[in-house]
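A.B. asks: Please find the sequence and the predicted model below.
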Amino acid sequence: MPADETASPGTPAHAAYDTVIVGGGHNGLVAAAYLARAGRSVLVLERLGSTGGAAVSTRPFDGIDARLSRYSYLVSLLPQKIVRELGLDFAVRKRTVSSYTPATRGGRPTGLLIGGEGTRDSFAALTGGDREYDAWQRFYGMTGRVGERVFPTLTEPLPTREELRARVGDAAAWSMLFEEPIGVAVEETFADDLVRGVVLTDALIGTFADAHDLSLVQNRCFLYHVIGNSTGDWDVPVGGMGALTDALAAAARAAGAEIRVLHEATRIETDGTRAEVTVRSPGGEHVVGAARVLVNASPQALAALLGEHQPAPAEGAQLKVNMLLTRLPKLRDRSVDPHRAFAGTFHIAEGYEQLATAYREAAAGRLPGAPPSEIYCHSLTDPSILGPDLVARGYQTLTLFGLHTPARLFTADNEATRATLLAATLAELDAHLDEPIADCLALDAEGRPCIEAKTPLDLERDLRLPGGHIFHRDLSFPYATGETGRWGVETAHANVLLCGAGAVRGGGVSGVPGHNAAMAALGR
């Protein structure tokens, strides 16, 4: 843990603060920095041995100097406004390639490479003309315009639905994204199955749904994936995701916030004007008083702390795999260099019909026969996460995110199901490689392959994500409803705010709920 974080009792019983923040993940740290800079006395309580939550960098492989973004791994939704206002020593880098999707056409290996020079030619070679490329340009031109108008509202008081619709100012785009299942737009806009699948994946990251789900949960997921910083670009955090949360913790401490690790909040009692937080620490149990409490945890955890009725269960549906390679694998598609193919998002088994089939199989209680997933290589864009010796020897990281694997599939035997799913997922990758990925894996100090996999149940155990859901619950459209307050962070108690991913406009590494909870607490 950083030297100025402490696990000692440190906080006398019944000490009083303006604000106690439960949870030292990135949103809690954002809130702490804003509030402390505004002159409030702030205490952050973190049950783990270090801050960061899911946005951390760790060395998962014994004896290997590779600091991986273990859980969350790319940045799109973090507003530069937050980076600028908090003076964060943090940067991101653009990827040279948006995505590569391998395929087999006419019995030969090929693929779709998007981003940079050659994108139009890649579309033409795959689809036999310019139709799909032109449709792609029109479609993402539309989402770009929506992003320019919607993204700035994420750090403003919640607009009403009609206010946001007027701000979008495009009836067709509004209908496509906010009113009808995204599958309708995908099918009407694109003809090629592979292109359709690449588009649809943005609606499914961390979301278990069909393209035509009438709840529109897939639309909400899609929206947040294409509006980030008004561009939809997903960027690489320099130094890994932990660089962001280390910078946030430093900003909060510099402003005067106190951070206590190995301090777990176990209960919140409030009368709406004052609150008491019961804390369990290495020094025993004690109570901290506060005018206001911000909870950087799930709605389920908030309810448990308050002793209230639990909200509807959440369920994650992803597989997260981290790998360290001695080299990037050769591809069957010899027309593309692996260093380009893996620089962006490498889509596997994510054709449109493949995604639909995988969803149906998982919904029926079976692991997908061809598990869809996507990979990217952090170290191609930012080698600083590897030790100099590993860089010199050409080592690379791979991060894999699997779709359509809901938590319910793992409840009978998490260990065995994880192993089965991992083998099937890597087999789908191997189908597009000229050598097995296993032959490229580095070995740790004990001679074990450098690969780790996390199921939704693992994430629930390690990070207390409800059901392993990376957004804490299904995402919400970024406008007010009858159940939301002015900022989307309010609860039934006037002095208790929710500043985690389960807030309205939460989800992803954004800092938006932390910012908005701080603004609500400051009455702005």
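C.D. replies: Everything's here; your move.

A.B. asks: The closest residue to D65 other than its chain neighbours and G63, how far apart?
C.D. replies: Among residues not flanking D65 along the chain, G387 sits closest, at 3.1 Å (CB to CB, 6 or more residues apart in numbering). Using the backbone N, CA and C atoms, a C-beta is placed for each residue, glycine as well. Note on G387: its distance to G63, by CB to CB, to the nearest Å, is 11 Å.

A.B. asks: More neighbours: which of the two?
C.D. replies: Using other CB atoms under 10 Å as the criterion, G387 and G63 rank with G387 on top: 16 against 9.

A.B. asks: Model confidence score at the more buried one, please.
C.D. replies: With respect to pLDDT, G387 has a value of 98.

A.B. asks: Would you mind confirming that it makes contact with R59?
C.D. replies: No: if you go by CB atoms under 8 Å, G387 and R59 don't touch, sitting 9.8 Å apart.

A.B. asks: Number of residues surrounding S175?
C.D. replies: Neighbour count for S175, taken as other CB under 10 Å: 13.

A.B. asks: separation between it and R165?
C.D. replies: Counting by CB to CB, the separation of S175 from R165 is 10 Å.

A.B. asks: swap in L112?
C.D. replies: On the measure of CB to CB, L112 and R165 end up 34 Å apart.

A.B. asks: Which residue of these two possesses the greater neighbour count?
C.D. replies: L112 (24 against 18).

A.B. asks: ok, now which ones touch that one?
C.D. replies: Going by CB atoms under 8 Å, 6 or more residues apart in numbering, L112 touches S99, Y100, T101, A103, S122, F123, L126, L194, V195, V198.

A.B. asks: can you redo the residues you listed as TSV with secondary structure?
C.D. replies: What follows is the contacts of L112, written out as TSV (DSSP: H, G, I helix; E, B strand; the rest coil):
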residue	secondary structure
S99	strand
Y100	strand
T101	strand
A103	strand
S122	helix
F123	helix
L126	helix
L194	helix
V195	helix
V198	helix
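
A.B. asks: Closest to G351 out of those residues?
C.D. replies: Distances from G351 to the contacts of L112, taken as CB to CB, are shortest for L194 (5.2 Å).

A.B. asks: can you tell me which helix in this protein is longest?
C.D. replies: Of all segments of type helix in the chain, defined using DSSP state H, the longest is helix 131-150.

A.B. asks: and it, average pLDDT?
C.D. replies: Per-residue scores along helix 131-150 average to 98.

A.B. asks: now do stretch 476-494
C.D. replies: 95.

A.B. asks: chain center to that stretch, what's the gap?
C.D. replies: Distance, stretch centre to chain centre, for stretch 476-494: 22 Å (CA atoms, centre = their mean, to the nearest Å).

A.B. asks: Between the two ends of stretch 466-483, how far is it?
C.D. replies: Stretch 466-483 has its terminal residues 21 Å apart, counting by CA to CA, to the nearest Å.

A.B. asks: Distance from the chain centre to that stretch, please.
C.D. replies: Computed by CA atoms, centre = their mean, the chain-centroid distance of stretch 466-483 equals 13 Å.

A.B. asks: how about it: buried residues?
C.D. replies: Of all the residues in stretch 466-483, those buried under the rule 16 or more other CB atoms under 10 Å are 466-480.

A.B. asks: quick one on the thing from earlier: can the contacts of L112 go into a markdown table with extra columns for pLDDT, neighbour count and distance to A492?
C.D. replies: A markdown table is the format used below for the contacts of L112 (pLDDT from 0 to 100; neighbours: other CB atoms under 10 Å; distance: CB to CB, whole Å):
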| residue | pLDDT | neighbour count | distance to A492 |
| --- | --- | --- | --- |
| S99 | 97 | 22 | 43 |
| Y100 | 98 | 27 | 48 |
| T101 | 98 | 27 | 46 |
| A103 | 96 | 18 | 51 |
| S122 | 97 | 21 | 53 |
| F123 | 97 | 24 | 51 |
| L126 | 96 | 20 | 53 |
| L194 | 98 | 24 | 47 |
| V195 | 98 | 26 | 46 |
| V198 | 98 | 25 | 42 |
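
A.B. asks: which of these lies closest to G508?
C.D. replies: Comparing the contacts of L112 against G508 with CB to CB places S99 closest, at 18.2 Å.

A.B. asks: Enumerate every residue touching that closest one.
C.D. replies: Counting by CB under 8 Å, 6+ apart, S99 touches L112, L113, I114, G115, V198, G344, T345, F346, H347.

A.B. asks: Most neighbours among the residues you listed, which one?
C.D. replies: L113 (27 neighbours).

A.B. asks: That residue reaches T96, doesn't it?
C.D. replies: No: here L113 does not reach T96: they are 10.9 Å apart, not a contact under CB under 8 Å.

A.B. asks: What about E276, how many residues nearby?
C.D. replies: E276: 18 surrounding residues under other CB under 10 Å.

A.B. asks: Surely it touches E269?
C.D. replies: Yes: with contact defined as CB under 8 Å, E276 reaches E269; the gap is 4.9 Å.

A.B. asks: got the buried residues for the longest helix of the chain?
C.D. replies: Here helix 131-150 shows E132, Y133, A135, W136, F139, Y140, M142, T143, V146, G147, R149, V150 as buried, counting by 16+ other CB under 10 Å.

A.B. asks: quick one: the last one from L86, how far?
C.D. replies: Which is V150. V150 sits 23 Å away from L86, going by CB to CB.

A.B. asks: What of the fifth one?
C.D. replies: Remark: distance between F139 and L86 (CB to CB) = 35 Å.

A.B. asks: Relative to L43, which of the contacts of S99 is nearest.
C.D. replies: Minimum distance to L43 across those is 39.6 Å, recorded for T345 (CB to CB).

A.B. asks: ok, for the closest one, nearest residue in space, not its chain neighbours?
C.D. replies: The spatial neighbour of T345 that comes closest, neighbours along the chain excluded (CB to CB, 6+ apart), is S99 at 4.2 Å.

A.B. asks: Look up the residues forming beta bridges with the one you found.
C.D. replies: For S99, the beta-bridge assignment (DSSP bridges) gives partners I114, T345.

A.B. asks: Just the helices from the stretch 351-500 of the chain, written as ranges.
C.D. replies: For the stretch 351-500 of the chain, the helices defined by DSSP state H, counting those that start in this stretch occupy 352-363, 378-381, 388-392, 414-430, 456-463.

A.B. asks: what angle separates the last one from helix 414-430?
C.D. replies: Here helix 456-463 runs at an angle of 110 degrees relative to helix 414-430 (axes from the mean of the first three to the mean of the last three CA atoms, to 10 degrees).

A.B. asks: quick one: average pLDDT of stretch 396-412?
C.D. replies: Summarised as a single mean, pLDDT over stretch 396-412 is 98.

A.B. asks: In it, which residues are buried?
C.D. replies: Neighbour counts over stretch 396-412 (16+ other CB under 10 Å) mark 396-410 as buried.

A.B. asks: Next: stretch 290-305.
C.D. replies: Neighbour counts using 16+ other CB under 10 Å place 290-302, 305 of stretch 290-305 among the buried residues.

A.B. asks: Export those residues as TSV, with columns for distance to D233.
C.D. replies: Converted to TSV, the buried residues of stretch 290-305 look like this (distance: CB to CB, whole Å):
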residue	distance to D233
A290	38
A291	40
R292	35
V293	35
L294	30
V295	31
N296	26
A297	29
S298	28
P299	30
Q300	32
A301	32
L302	32
L305	37
